[in-house]
Structure formats: C-alpha cells, structure tokens
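# What follows is a predicted protein model with its sequence.
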Amino acid sequence: MKRVFIETYGCQMNVADTELMFGVLGSRGFVRVEDPANADVMLVNTCAVRDHAEQRVSGRVGELMRHKRPGSVLGVVGCMAQRLGQELLDQVPRLDLVVGPDAYRNLPDLILDASAGRRAADTAFRSWEHYEDVPPARESGPTAFVTVQRGCDYKCTFCIVPYTRGPERSRQLGDVVTEVRRLAEEGTSEVTLLGQTVNSYHDGDHDFADLLRAVGEVEGIRRLRFTSPYPTDFTGRVIEAMATVPAVCPHVHLPVQSGSNAVLKRMLRRYSREEYLEVVRRLRQAVPGMTFSTDIIVAFPGETEAQFQDTLTLVAEADFDDAYTFRYSPREGTPATRLRDAVPDDVAADRLDRLVAAVRAQTRRKNIGRIGEQHEVLVEQVAKRGGMLGRTRTNLLVLLDLGVEAVGDYLDVRLTATTGSTFIGTVATPHALTVL
C-alpha cells in the first residue's frame, strides 16, 4: 500500500482533477495522506496559465525534494506537466514523473515504474478521455465540482489552455446527471459545472440549456452554478434556462479580458466591447438581481493608455461586483508572444494598480449598499480566522459566528457589515431552513 500526497494549484478544474486522481489511485490501493513527509508518492498538480504560477510550482517541487527517500516518487502533473513534458524531466534530475491531464488513468502503473527507477513522461492527448468509469474521491461536503467539458477550441492568442488541455469535448448529459444524482444522495446540495468554455457544452444531442434543466431537476440539488462561460455562447435557450430553472444561482463569472475592441481583436476574443455589454444587459434583464465577476488582463502587447482607459470605463459600465485582475504573462507557444510593442514593466504595474483600485472601490461601494439585506446562505466551511464561511446565491461570501456543526445548513442571514469584499452576517432565523 503506497501513501500519496497531492498538492493542487490553479483553477477549479485542477481541484476536480485532483479528486479524480485520488479516485484512480484509490482504486489501486493507494492511500491519501495530508503531509508530504509521510508520503511514498508526492504529486504537484499544476497550472500553466501564468508564468508566476509555474515559478511557484518550481519552488515547491524543490521544497518537496527534501522528503524524497529511496523508492519514493516525486511527480508533476497537470497543465505545466503537459506544456513542458520531457523537457521538465530533463531539467529536474530528481523528478520522477511528468503526467498530463489526459493520462491520469495511467498514474498507478507510471508510479510503480518510477519507484523502480524508470522515470517517465506521459503527455499524449486522448480526445476520448472523460474518466467516466472512475468515481472521483471527494471530501464530503455540501458543495462539489462536476467536470462536464474538457479542453478548448477557441485559442485566444494569450492562452496556453488549448495546448495543455487539448480540443474541446463534452461528456454525455446522462453521465453528468448520474454523477450529480450520486452526489445528491451523499448529501451534496450545490454543484458547480466545470468547463473551459462551459456554456458551449454540447454532447451531440444536448446543449448547455438542456444540461442546466436536467441537472436542476435532480432531487436534492438546491443550487446550481457553472464556470467559466464564454460571452458569445449565452444563447437565448441558455438564458431562458437560467431564468426558469430555480436551482440556477443568479451569479455569472464572465471573463472580459479587456474593454478595448482593438485589444480584444489582438487577443482573438470573439466579441466586441458592445457585444459583451449586451450579453450582460440580457442576463440582468432575464435574471433580476444577478451579480457578475470577471477576469481582466492589463498590459497586453500594444495596449495604449487610451485602450487601458477603455477597460476602466467598461468596469464601471458593466458594474461588476468583483474582478480578478492580472498583468499579461507571456506563455511560450502562444501566438501573443509574437506580437510586438510589449508594454514596459513600470507602465504595466501602474495600470494594474489603477485597475485594482477601481475594482476594489466599486466592490466596496456596492457591498456597503448591501448592508442590512437578508439572504439565504449556505454554510460551507470553517473560516481561516474563526467562525464559519457561507455563500449567498449571488456568490457573496459571509462570515458567521457559528460552529462546524452548521456546515451544510441553509440559513436566513442578515448582512451586518463588510470588509469590502466579504460580509459579516447574523442568523435571522433560529434554525436552518428545510432543504427541498
């Protein structure tokens, strides 16, 4: 019996893939441990979207090497592994294993080979692989991620994902519903559907609207979320499903990347500023009270000050509730690395600072206006600073003075204060609402 430790970096898809790997390994007798010092196998599940993420992983791999002993295995899996492949093995002599996202089924055998001294890299794309016969090993809780789509076909010029995750392919609707039904039977009441462009889901017979309706009908599923959608894939059918399926939560994380049409064109995004704002308008009209978060990149090659100002004005016009902001990070192998007119570092840093300040001010203003509101909150987990952390249907985070026994409860909560991005709340009713 081998003990395995996995450390996860990056997006929700990587979190779901870690659960999948534990499922694959558990079926072959591997046992999960939480401390690398106690592990026979140490795997780092990686992100390759930004250079900073890869630098963090490289540093962490170096730290984990101190736990190596004869016969133990240290591996890098996920997107960084896929991007670098054999090159990573060549660069790091004490690394035993490099495995891409389509090769997790082979992990047990690859680990056994590596423990015998046969270092290996498996980064082949397998367009058929959905791991349908491998139940993920999830920690029990009220929420769960469910992968419904792998890969991406859009190939934005800045993005490495199509080259690390392969072409887009969707699971069969019936298989997704079966997985969600099993989760509901185990006590999960909220699921988040995952895909690189999740609302472009299509299994050959069913589109994303069909998927929302089918998952929303599963008994015991009270909340349904999804991430990350692509703006132009919000068809009328999808918006109607969002408006009419009670389980669908009124929050959308809708990446915009830039507010400048010229920059969007260089990014090969398939919409204009005006088209993006029209999607936001249609969603708000269909689902009153909907909240929005987004992703924004500053200092993309060739971005002028006027084009950056277009991004600032879009933040205000779209009236985002929150935003994840980044400086452009060149990724080897993507078309954007061939673009000229790189933005100087000091200009890029200044633009990011100004964007962050604008987003924080807008988020704080909106959240202060929400103090006194009453919301249904699902208690999710212990908060780092004590108490419990919950979430509203509109994706607002709320700190509650409750014990761990409240996990999974749906409570009526009054928002009493805000730190700017997180709320403090008090329970407005003395008991949890009955789960439908």
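Done, it's in.

# After the helix or strand bottoming out on mean pLDDT in the chain, which helix or strand is next?
Lowest mean confidence among the helices and strands of the chain (mean pLDDT, DSSP states H and E): helix 51-64, at a mean of 86. Once the chain leaves helix 51-64, the next helix or strand it forms, by DSSP states H and E, is strand 73-78.

# mind listing what's buried in that following strand?
V73, L74, G75, V76, V77, G78 (16 or more other Cβ atoms under 10 Å). The C-beta positions use only the backbone N, C-alpha and C, and glycine is treated the same way.

# What of stretch 84-91?
L84, G85, L88, L89.

# Out of these, name the ones that lie in helices.
Judged by DSSP state H, helices contain the following of these: L84, L88, L89.

# Considering those residues, which is situated nearest to T244?
The nearest member of those to T244, counting by Cβ to Cβ, is L84 at 45.5 Å.

# who's in contact with the closest one?
Neighbour list for L84: Q91, V98 [criterion: Cβ atoms under 8 Å, 6 or more residues apart in numbering].

# okay, now the closest residue in space to H52 that isn't next to it in sequence: neighbour count?
Among residues not flanking H52 along the chain, S329 sits closest, at 6.7 Å (Cβ to Cβ, 6 or more residues apart in numbering). For S329, the neighbour count with other Cβ atoms under 10 Å is 17.

# Who are the contact partners of S329?
Contacts of S329 (Cβ under 8 Å, 6+ apart): V49, R50, D51, H52.

# Could you look up the SS state of it?
With DSSP: H, G, I helix; E, B strand; the rest coil as the basis, the three-state label of S329 is coil.

# Going forward, the N-terminal residue is numbered 9.
From this message on, residue numbering opens at 9, which makes the last subject S337.

# how much space between it and L360?
To L360, S337 is 12 Å away according to Cβ to Cβ, to the nearest Å.

# Which helix or strand contains E27?
helix 20-34.

# do the same with E248
Assessed by DSSP H and E, E248 sits inside helix 244-252.

# Count the neighbours of N46 for me.
Using other Cβ under 10 Å, N46 is surrounded by 11 other residues.

# and what of the one 5 residues further on?
Residues contacting L51 under the criterion other Cβ under 10 Å number 28.

# Next, count neighbours for V364.
Neighbour count for V364, taken as other Cβ under 10 Å: 14.

# How about Q20?
Neighbours of Q20 (other Cβ under 10 Å): 13.

# And the longest helix anywhere in the chain, how far out from the chain middle?
The longest helix of the chain (DSSP H) is helix 353-376. Centroid separation between helix 353-376 and its chain, computed with Cα atoms, centre = their mean, to the nearest Å, is 22 Å.

# Kindly report the same for stretch 302-316.
23 Å.

# Same question for stretch 287-303.
Stretch 287-303 sits 19 Å away from the centroid of its parent chain (Cα atoms, centre = their mean).

# what helix or strand does the closest residue to F242 other than its chain neighbours sit in?
Leaving aside its chain neighbours, F242 sits nearest to V287 (5.3 Å; criterion: Cβ to Cβ, 6+ apart). Using DSSP H and E, V287 maps to helix 281-294.

# same question, R278
Per DSSP H and E, R278 falls between elements, in no helix or strand.

# thought it was touching Y162?
Yes - taking contacts as Cβ atoms under 8 Å, R278 lies within contact range of Y162: 7.0 Å.
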